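**Q** Pasting the sequence and the predicted coordinates here, then a few questions.
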Amino acid sequence: MPTDKTEKTTAHKKPAAEAKAEPVKKAKAPGEAKAEPARKAKAPAGAKAAAEKTPKAVKAKKTESAPDTAAESPVEVPVEAAPVEAAPVDEISLPADDTPRRSVAFIGSECYPFVKTGGLGDVMYALPKALVKHNCDVKVILPRYRCIPWEYQQKMVYRGAFGMDLCADGRSYYVGIMEYVWDGVVYDFIDNEEFFNSGNPYTNLVDDIPKYCYFAKAALAALNYMDWIPDIIHCHDWQAALVPVYLRTLFENTKLSRARTILTIHNLKFQGVYNIPTIKYWSGLPDYVFNKDALTVNWVDANMLKGGLTYANAITTVSPTYAWEIQTPAYGENLDAHLRYHAGKLRGIVNGIDYDIWNPLTDKSVPHNYSAADVLERKKANKRALQEELGLQVDDGKLVIGLISRLTDQKGLDLVNAIMPQIVDDYTQVVILGTGDAMYEDSFRYYENAYKGTVCSCILYDEARSHRIYAGADALLVPSRFEPCGLTQLNAMRYGTVPIVRETGGLKDTVEPYNMFTNTGNGFTFDRYDAGLLLDAINRAKTLYFENRWCWDEMVRRDMDKDVSWDSSAAQYKELYLQLT
C-alpha cells in the first residue's frame, strides 16, 4: 500500500493515547467511547428522522446484550417513561416471539442498498431486519466504500476514530466509524480511504487481501471501541472469515472474547487464498495459526476462509442440500475433507426474500399489480405489457420463459445454449436478462437476431425490468451447475411464475417437482447436469401448460401461497444463536 496515503490517513487520528490501540487499548474519553447504537435515539420519543426509529423495546433491554451500559439505566428510564403511550409508531420494536433477547453483530463486505454485487448483499440487508422482529438487537458492520451512494453517505453520523496496529511489523492504520440507523438496524461503516477508495468493492486479490485483513480486525476493534459487546458475531464469506481467528488470538483477552462466532458460506468457490508471507504480514496473526489444520493449504498458501471455518463456533450455509454437497469432492472446492471434519458444527438454513421489496400487489415496477386471488387475469395483462416492451409478438396464449441470471458457467447457461433452437417454437417465447461472460452474451444476441419476435436478449442489469419479467413470464429457468441457495426461483414463485430448475443446493430445497398423478408440487426439476434432461423438464412444463391449464393455474396459486419470506429462516438463526449462548 502507498506510504504517502498511510501518512495522510494517520494524520487525522485522535491523540496518541488512543492511536496505537491494539483493539483493546481504546483510550477515548468515556463520553465518546460508549457509542451504543440505542443511544442514537436518546432524544424524546417523537424521534424526527426515520433513522431514529430504533424501537423502544430494543432500548429498554439493551443492557442485556451490553452489560457495560448498565450505568445508563437511571438516565434512560425517566426519558422513556413520559412518552410511552404516545409512541405507538414504534411497532417494529415489538418482538415476533418471546424467546430470550440476543445482541448480534453482522460483519460482511456488502449490503443492499449501500453496495450489492450478489445474494450476500440481499442477506446482509434482509436477515438483520427480520431478526429485529425476533427479539434481537442487531448491528451491521460494513466497509465504507467510495461507491456507496451519496444519499446514504450524507446521512451517516460520525461516531469516533482511533489508530490500530495491523501488520506484522506494527504498521498502524486509521479506523473511522460512521453510523446510519434504518428499520431498527444500526449500520456502522469502517472508514479508511486507503483501503476503500475504489469504485468497486472487489478488485483483485493483490488489493483485496490487505483490504479484508484490515476490515476483519477493524470491525472487532470498532466493537471494542464502542464498548458494544454482542452475544453473537455473525460473519459472512471469506472477506470476514478472519474475524473468528482474530477473536480467538489477538482479542482473546478482551471483553469481546465472550462472544460466539458464526461463519456463513454463501459461495464456497471464493476463499481468499494467497501466499502465506503476504497474509501473515497483513493480518499480523501469530505463527501458530498458519498450520495445516487452520489457514495453511498446499503447504505454501494461506486460506482465509479455511481459517474462519476452523475457529468459528458454528458454520452455516444457505441451504441444507448445499451443506451436504460441499462435504463431497464434487462441490467441496478442495475443502470437502476440512468441512467433513467440522461437520458437527455445520448446518444449512435456506434464505428468504424480503416481502417489502418482492410483492406483486405493491410493486411499482409492475404495470398491473395482483395477488393470488386475481393472478390469472393480471399475469396475462403483464405478459402483454412485457411483450410490447421487449418487441416480442403480443399474444397472451404463448408460453413465455424467462431467464434472469449472471451469464456464467455456474448458472448452467452452456445447457441453455445447447438446446435453445429446440426450446423456441411457434408457441414459446424466451426472455433473457443479465450480463457476464462475453461468450454467452454474444450467443444470446445471436439467438435474438435469429428468432426475432420470439427471443429477446437484454444484455444488461436492470432491476425494474427483472420485476416485470417475473410478473409477465409463465416460467423461469434456473439450470445451475451448483447453486448454494438461489433467490431467483423464490422471486419467481412469489410472482406466480413456475420455476424450472436443476436439483442442486437451494434449488432442490425450495422447489418441489410437479407430480402429475397427485397434482402436487410447485415446479419442474431435473437431476443430472445434462442438456437433454433440461429440455425434457421444459417439455414437461409445456405439456402441462397447453394440455392441462387448470393444473398449471393451480400450481401458480400454490407458488404464490408458499411462504418464501425471511420469517422462518430468521427463526432458525435465532434458535442457533440461543443454542450457542
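**A** In hand now; what should we look at?
**Q** mind giving me the domain ranges of the protein?
**A** The chain resolves into domains spanning 3-31+63-352+569-580, 375-565 when parsed by automatic domain parsing.
**Q** can you give me the offset of whichever strand or helix holds A216 from its chain's centre?
**A** Under the criterion of DSSP states H and E, A216 resides in helix 205-226. In terms of C-alpha atoms, centre = their mean, to the nearest Å, the centre of helix 205-226 is found 19 Å from the chain centre.
**Q** Likewise for stretch 305-312?
**A** Worked out by C-alpha atoms, centre = their mean, stretch 305-312 lies 19 Å from the chain centre.
**Q** just so I know, which of the domains of the chain lies nearest L361?
**A** Set against L361 and scored by C-beta to C-beta, those come closest in domain 375-565, at 9.8 Å. Yep, even glycine has a C-beta here, placed from its N, CA and C like the rest.
**Q** Next SSE downstream of the helix holding A216?
**A** Assigned by DSSP H and E, the successor of helix 205-226 is strand 232-236.
**Q** who's in contact with that next one?
**A** With contact meaning C-beta atoms under 8 Å, 6 or more residues apart in numbering, strand 232-236 is reached by 102-109, 120, 123-124, 220, 223, 241, 243-244, 247, 256, 259-264, 266, 308, 312, 573, 577, 580-581.
**Q** count of residues packed around L335?
**A** A count of neighbours around L335, defined by other C-beta atoms under 10 Å, yields 21.
**Q** which residues does it contact?
**A** Contacts of L335 (C-beta under 8 Å, 6+ apart): L268, Q271, N303, L305, K306, L309, I326.
**Q** Please tell me I have it right and the last one contacts I265.
**A** Yep, that's I326 we're talking about. Yes. Applying C-beta atoms under 8 Å, one finds I326 in contact with I265, separated by 7.1 Å.
**Q** what residues do these two have in common as contacts?
**A** Shared contacts of I326 and I265, defined by C-beta under 8 Å, 6+ apart, are found at T317.
**Q** worst average pLDDT in the domains of the chain?
**A** Note on the domains of the chain: lowest mean pLDDT is at domain 3-31+63-352+569-580, with a mean of 84.
**Q** Check which residues of the helix holding A216 are buried.
**A** By neighbour count on 16 or more other C-beta atoms under 10 Å, the buried set for helix 205-226 is 208-226.
**Q** Just want to know which of I326 and I265 has more residues nearby.
**A** More crowded of I326 and I265, by other C-beta under 10 Å: I265, with 28 against 25.
**Q** Mind listing the residues bridging to that one?
**A** Per DSSP bridges, residues listed as beta-bridge partners of I265: T317.
**Q** quick one: it and L305, what's the gap?
**A** Distance of I265 to L305, computed by C-beta to C-beta, to the nearest Å: 8 Å.
**Q** swap in A531?
**A** For A531, the distance to L305 - C-beta to C-beta - is 32 Å.
**Q** Then D509?
**A** Counting by C-beta to C-beta, the gap from D509 to L305 is 23 Å.
**Q** ok, these two, which is more surrounded?
**A** Using other C-beta under 10 Å, the more surrounded residue of D509 and L305 is L305, with 25 against 20.
**Q** any idea which helix or strand carries the more buried one?
**A** helix 304-311.
**Q** repeat for L578
**A** helix 567-580.
**Q** got it, and D414?
**A** Per DSSP H and E: helix 413-423 holds D414.
**Q** quick one: contacts for the closest residue to I177 other than its chain neighbours?
**A** Nearest residue to I177, sequence neighbours excluded (C-beta to C-beta, 6 or more residues apart in numbering): R159, at 4.2 Å. Residues in contact with R159 (C-beta under 8 Å, 6+ apart) are A35, I177, M178, E179, D188, M226.
**Q** Confirm R159 sits in a helix?
**A** No. Under DSSP: H, G, I helix; E, B strand; the rest coil, R159 sits outside any helix and is assigned strand.
**Q** where's it relative to L223, distance?
**A** 12 Å.
**Q** Q410 now?
**A** Following C-beta to C-beta, the distance that separates Q410 from L223 is 35 Å.
**Q** picking that back up, which neighbours do I265 and L305 share?
**A** The contact sets of I265 and L305 overlap at D237 (C-beta under 8 Å, 6+ apart).
**Q** and the longest strand for the chain?
**A** strand 172-182 (DSSP state E).
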